[in-house]
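Asker: Have a look at this prediction, sequence included:
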Amino acid sequence: MSAHAEPHDDHHGHDHPLAEIVHSGRPGYYEIMETAVRELLVERRLIGADEIRRQIEVLDSRTPALGARVVARAWVDPDFKERLLADGRTACEELGISFYDDTGLIVLENTDRVHNLIVCTLCSCYPRPVLGLPPDWYKLKPYRARAVREPRAVLAEFGTVIPDDVEIRVSDSTAMVRFLVLPRRPAGTDGWGEEELAALVTRDTMIGVAPVALPIAGADR
């Protein structure tokens, strides 16, 4: 699977309801496969239950709150932002966010002219060290296929309407390179502290399926 960050044809007409992207509630292909492989490895004593538990604890400690800290710091610190865009992994490590694998991290900045969207077309590669586990819809074939083929339509189904004059770039993750979106800072947040800003940043904004928005109460801040 090769990484790319280039525009794809994105037309408006589509007959694919959002229901094709959301999870049905039944165990998915990867969940079933993971269970089977895990049980086989334990049965053959290639990995122990304690080691699996430790790895699960590491994964459980990773949540989108880590990525939100990174985004908020980039919004308030131009020098950090420059380092983040140059080398995402190293910049995250500055904030004490460790990487438990050998993956690199490329951070893509949304602007008023470019909107970035992340996908993994062949499996579900995802920036887990900074976002935790991916949502179920990210792993499903409809999202993985349609995000590349018709990104504008997919975004619209998430409630994100991208103007025609804004370029959509879809980046395909690999086993060694993961992507994170640096969303646009919302207007009206001048003077906000990092914690306040981080509270606005969600998992979906860092995948690229939603913009950062002020809460209703924040409008009167």
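Answerer: Received the coordinates, thanks. Numbers count the residues shown, from 1 in each chain.
Asker: Tell me where this protein is predicted with low confidence.
Answerer: 1-25, 30, 47-62, 217-221 (pLDDT under 70).
Asker: Please repeat the previous calculation with a cut-off of 80.
Answerer: Applying pLDDT under 80 to the chain flags residues 1-31, 33-35, 37-39, 41-62, 100, 216-221.
Asker: The spatially most central residue of it: what's it in contact with?
Answerer: Most central in the chain under Cα atoms, centre = their mean is residue 207, positioned 3.1 Å from the mean C-alpha point. Going by Cβ atoms under 8 Å, 6 or more residues apart in numbering, residue 207 touches 117, 118, 131, 138, 181. C-beta coordinates here come from the backbone N, C-alpha and C atoms, glycine included.
Asker: Please name the nearest non-neighbouring residue to the first one.
Answerer: Here the nearest residue to residue 117 in space, its sequence neighbours aside, is residue 208; by Cβ to Cβ, 6 or more residues apart in numbering that works out to 4.0 Å.
Asker: Tell me how many other residues crowd the one you found.
Answerer: Residue 208 is flanked by 28 other residues according to other Cβ atoms under 10 Å.
Asker: Next, give phi and psi for it.
Answerer: Residue 208 has phi and psi values of phi 110, psi 10 when expressed as degrees, to the nearest 10.
Asker: so it touches residue 107, yeah?
Answerer: No: using Cβ atoms under 8 Å, residue 208 makes no contact with residue 107, being 11.7 Å away.
Asker: Quick check: which helices or strands does the helix or strand encompassing residue 92 pack against?
Answerer: Per DSSP states H and E, residue 92 falls inside helix 88-94. Using 3 or more Cβ pairs under 8 Å, 6 or more residues apart in numbering; DSSP states H and E as the contact test, the elements touching helix 88-94 are helix 64-76, helix 78-86, strand 104-109.
Asker: okay, the longest one in CSV with CA atoms only?
Answerer: Written as CSV, here are the backbone C-alpha positions of helix 64-76 (Å, rounded to 0.1, in the frame of the first residue of the first chain):
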residue,chain,number,x,y,z
PRO,A,64,-7.7,11.2,21.1
ALA,A,65,-6.9,13.5,24.1
LEU,A,66,-3.2,13.0,23.3
GLY,A,67,-3.6,14.1,19.7
ALA,A,68,-5.8,17.0,20.9
ARG,A,69,-2.9,18.2,23.1
VAL,A,70,-0.6,18.1,20.0
VAL,A,71,-3.1,20.1,17.9
ALA,A,72,-3.6,22.7,20.7
ARG,A,73,0.1,23.2,21.1
ALA,A,74,0.5,23.7,17.4
TRP,A,75,-2.2,26.3,17.4
VAL,A,76,-0.5,28.4,20.0
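Asker: what comes up buried for it?
Answerer: 64, 66, 67, 68, 69, 70, 71, 72, 73, 74, 75 (16 or more other Cβ atoms under 10 Å).
Asker: The second one and residue 209, how far apart?
Answerer: Meaning residue 66. For residue 66, the distance to residue 209 equals 19 Å [Cβ to Cβ, to the nearest Å].
Asker: Using CSV, write out the CA atom coordinates for the longest helix along the chain.
Answerer: Scanning the chain for the helix with the most residues, using DSSP state H, yields helix 29-43. The C-alpha trace of helix 29-43 is given here as CSV (Å, rounded to 0.1, in the frame of the first residue of the first chain):
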residue,chain,number,x,y,z
TYR,A,29,-13.8,-9.1,9.9
TYR,A,30,-10.8,-7.7,11.8
GLU,A,31,-12.3,-8.4,15.2
ILE,A,32,-12.9,-12.0,14.3
MET,A,33,-9.4,-12.3,12.7
GLU,A,34,-7.8,-10.8,15.8
THR,A,35,-9.5,-13.2,18.2
ALA,A,36,-8.5,-16.2,16.1
VAL,A,37,-4.9,-15.2,15.7
ARG,A,38,-4.6,-14.3,19.4
GLU,A,39,-6.0,-17.6,20.5
LEU,A,40,-3.7,-19.5,18.1
LEU,A,41,-0.6,-17.6,19.4
VAL,A,42,-1.4,-18.3,23.0
GLU,A,43,-2.2,-21.9,22.2
